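Q: Structure for this input, please:
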Amino acid sequence: MATMSTTFTASGSFTLTDENGVVVFTYSPSFTSTSNTAAQALYTGEHLAQSGGSELALADVNDDRVYVFIKNVDTDYPVEVEASESEGSALEMADIKPGEWFFTPMELNSDASGSSIQVTAATADQKVQYLICDAIDN
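A: As a prediction, this is how the structure comes out:
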């Protein structure tokens, strides 16, 4: 029987240039993580963000730590991304405009957060694409 494993790499480049063309700040973060499970290590797909909020279940991939990538593929309206907390409340993490994306490592247990991310549409239902990847437990 084969074991499934994933390697996830995220990178970016940020540069702040002043009005004279002088680079004030530059940063190019990058990291790679390998899966630590032989079970389901990666979920990806499309999800309909509803105006009342709808959830992406993170604990289905790993009940301790995951990497989450969400892209707003709607062309007109923003989507709000929230972490569901154990008390049933939601903590706003980002408001992603059409075409923008959001990435975060998520610690599901140690910071008292719940086991899901909630995406909420600004008006009518909007489509997001997502990737949830298993991360190395602490």
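Q: In stretch 95-113, which residues are buried?
A: Within stretch 95-113, the residues scored as buried using 16 or more other C-beta atoms under 10 Å are 96, 102, 106, 108, 113. C-beta here means a position set from N, CA and C on the backbone, and glycine is covered the same way.
Q: My error: substitute stretch 123-135 in the last question.
A: Quick answer for stretch 123-135 (16+ other C-beta under 10 Å): 126, 128, 130-135.
Q: would you list those residues in a markdown table and tack on pLDDT, distance to Y77 and secondary structure?
A: Shown next, in a markdown table, are these (pLDDT from 0 to 100; distance: C-beta to C-beta, whole Å; DSSP: H, G, I helix; E, B strand; the rest coil):
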| residue | pLDDT | distance to Y77 | secondary structure |
| --- | --- | --- | --- |
| Q126 | 86 | 6 | strand |
| V128 | 89 | 11 | strand |
| Y130 | 86 | 17 | strand |
| L131 | 84 | 21 | strand |
| I132 | 83 | 23 | strand |
| C133 | 81 | 27 | strand |
| D134 | 78 | 31 | strand |
| A135 | 76 | 30 | coil |
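Q: Let me see the mean pLDDT of stretch 107-118.
A: Average pLDDT, stretch 107-118: 65.
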